[in-house]
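>>> Provided below are the primary sequence and the corresponding predicted coordinates.
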Amino acid sequence: MSTAKPLQPEELASWLQDGSLTANEDYLIVDVRGDDFKEGHIASAINIPSTEFTAEKALISEKDQERLSKAKKVVFHCQLSQVRGPTSANNYLNTVGAAEGQEVFVLQGGFTKWLETYGKEKALVEDVKDAPKAAE
């Protein structure tokens, strides 16, 4: 059984800031939260709720399956990346299966940590209403 690799927020931020990398091709960020995605998310993230990644089979749409299969690296996260994010990433690996050469990650600390660290950086977040004070 395959498991997703941990990814630190600083590494993901470097991908987002690297002009030579293309979102949704070189990397794809999958936010598995539900309706709270609309209240703010990581820049370029797509929303596929965790309920669509079951242990038996993936219930994701063909469009989302295609998006997932094209990315070289796929990063899953939820609010804290303690349950929904890791479970979805591992269910993806073990039902859909990573494309050849594809790496699958779980963002450590989830959106909470991301927002604490990068909430004030407009290039790294989208649709955030009241971003917290950046960590010092």
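The structure has been received and is ready for your questions.

>>> can we go C-alpha only for contacts and neighbour counts from here?
Noted.

>>> what about this structure, any weak spots by pLDDT?
Applying pLDDT under 70 to the chain flags the ranges 1, 57-58, 98-99, 130-136.

>>> For C78, grab the count of nearby residues.
By other C-alpha atoms under 10 Å, 28 other residues sit near C78.

>>> and the gap between it and T51?
Computed as C-alpha to C-alpha, to the nearest Å, the C78 to T51 distance reads 12 Å.

>>> And for A89?
12 Å.

>>> Going along the chain, name the strands of this structure.
Secondary structure of the chain (DSSP state E): strands at 5-7, 27-31, 41-42, 46-47, 73-77, 103-107, 125-126.

>>> I'd like to know which of the ones you listed is closest to E66.
Minimum separation from E66 across those (C-alpha to C-alpha) falls at strand 27-31, 11.5 Å.

>>> List the contacts of P9.
Neighbouring residues of P9 by C-alpha atoms under 8 Å, 6 or more residues apart in numbering: 107-109, 113-114.

>>> Please tell me which one of those residues counts the most neighbours.
Greatest neighbour count in the contacts of P9, by other C-alpha under 10 Å, goes to L107: 29 neighbours.

>>> Helices of this protein, residue ranges please.
Using DSSP state H, the helices of the chain run over residues 9-17, 62-70, 84-91, 110-118.

>>> Phi, psi for G119 please.
The phi and psi values for G119, taken as degrees, to the nearest 10, are phi -60, psi -30.

>>> how close does it get to G34?
G119 is 20 Å from G34, by C-alpha to C-alpha.

>>> okay, those two: which has more neighbours?
Taking neighbours as other C-alpha under 10 Å, G119 and G34 compare with G119 leading, 26 against 14.

>>> I'd say that one and D127 touch.
No. Using C-alpha atoms under 8 Å as the test, G119 is too far from D127 to be in contact (10.5 Å).
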